[in-house]
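# with the input below, show me the fold.
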Amino acid sequence: PLELKGVEQEVSILFSDIRGYTTLAESMDPQSIVSFLNEYFTSMTEVLLGYEALIDKYIGDAIMAIFGAPLARDDHRDNAIQAAMEMQSVFDLWRPNWEKAYGISPHIGIGVASGPATLGNFGSFQKLSYTAIGDTVNTAARLESVAGPNEVAINDNLYQSLEKSIQEKYVFTEQPPIVLKGKTVPVQVWKVTEKS
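As a prediction, this is how the structure comes out:
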């Protein structure tokens, strides 16, 4: 039951964002922007739902998704990383269509973080939204901002807790610890790529 009181739970949070979207949008008419974003959101949402994600919100051209909520799931980390990698693959498949239809060649960056978050219904009695808040959410958002085009960046908590089969499925490259915006302690970051 989605009660008004909050609950702390281990989850994985995913943020996805189109790189250079503002510049892309300047070259498109309003109808094309709406059409492109709807195709983008539809294709990405299908991937996320296939991995049991809760689509939290669309923010402009960004997507926030929660894995392991509202019902706790032991496989939320594995699902989150596989969803992120499949999102990149599906986005690559769509790119030629978007180049042809809209004259743009977009890319996305994705950040995923695992850890505790506070889950609950937030807002006012006129409008409540079920969402996650806390350091894990902020970390995922910051990781998305450091991920380059076509990159997936994850935190150490996520990497260390993955099933062995998932760790062997992709290439995980350890990055030098970085200080994410709003944090004082450097965070260990991993970049994830497909095996060639």
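
# report the buried residues of the worst-scoring helix or strand of the chain on mean pLDDT.
Least confident helix or strand of the chain, by mean pLDDT, DSSP states H and E, is helix 21-26 with a mean of 88. Counting neighbours by 16 or more other C-beta atoms under 10 Å, one finds that the buried residues in helix 21-26 are Y21, L24, A25. For every residue, glycine as well, the C-beta is placed using N, CA and C.

# now stretch 151-169
By neighbour count with 16+ other C-beta under 10 Å, stretch 151-169 contains the buried residues 151-159, 161-162, 166, 169.

# before we move on, the earlier item: any idea which helix or strand comes after the least confident helix or strand of the chain?
Where DSSP states H and E defines the elements, the next helix or strand beyond helix 21-26 is helix 30-50.

# roughly how far is that following helix from the heart of the chain?
For helix 30-50, the separation from the chain centroid amounts to 14 Å (computed by C-alpha atoms, centre = their mean, to the nearest Å).

# can you check stretch 150-165 too?
Offset of stretch 150-165 from its chain centre (C-alpha atoms, centre = their mean): 13 Å.

# ok, and what's touching that stretch?
With contacts defined as C-beta atoms under 8 Å, 6 or more residues apart in numbering, stretch 150-165 is touched by 12, 75, 77-78, 80-81, 84-85, 88, 92, 107-115, 139-140, 143-144, 146-147, 167, 172, 175, 187-193.
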